[in-house]
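[1] Quick one, fold the following:
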Amino acid sequence: MITAIVLIDADASAIPEVASKVAELPGVSEAFSVTGDVDLIAMVRVQQHEDLAGVIADKISKVDGVLHTRTYIAFQTYSRHDLEAAFALGLDD
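    This next block holds a predicted model:
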């Protein structure tokens, strides 16, 4: 699984609408409205590296109100949720 963190600059008057549209896109697992230098952050999870362009360039970037994106590809994912799920396998009483 390939994970990408997409920082999104959006039209300030449409941030909630842009976030909702981005969150509904296939390949986007979450979208967050945030403080700081960007307006939104989207987590993109796809099976193959080649699928990133289809989600980010072909879908996210074309949502009305998206002004600019910057993408960071994760080398490794560290998640308490994932670790807890892995250790819980086969431990049902």
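[2] Report the contact partners of Ala42.
    Taking CB atoms under 8 Å, 6 or more residues apart in numbering, we find Ala42 in contact with Ile5, Val6, Ile8, Val22, Ala23, Val28, Glu30, Ala31, Phe32, Ile60. The way it works is simple: take the backbone N, C-alpha and C, and place the C-beta from them, glycine included.
[3] and it, what helix or strand is that in?
    strand 40-46 (DSSP states H and E).
[4] Name every strand pairing with that strand and say which way it goes.
    Under the criterion DSSP bridges, strand 40-46 sits next to strand 2-10 (antiparallel), strand 28-33 (antiparallel) in its sheet.
[5] any chance of the contacts of Ala42 in CSV, with neighbour count too?
    Output for the contacts of Ala42, formatted as CSV (neighbours: other CB atoms under 10 Å):
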residue, neighbour count
Ile5, 13
Val6, 24
Ile8, 28
Val22, 26
Ala23, 15
Val28, 21
Glu30, 11
Ala31, 22
Phe32, 14
Ile60, 23
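[6] from the residues you listed, which single one is nearest Leu52?
    For those, the residue nearest Leu52 by CB to CB is Val6; the value is 9.3 Å.
[7] residue contacts, that closest one?
    Val6 touches Ile41, Ala42, Met43, Val44, Ile56, Ile60, Thr69, Arg70, Thr71, Tyr72, counting by CB under 8 Å, 6+ apart.
[8] out of everything not next to it in sequence, what's closest to the first one?
    If I follow you right, that is Ile41. Closest residue to Ile41 apart from its sequence neighbours, by CB to CB, 6 or more residues apart in numbering: Phe32 at 4.7 Å.
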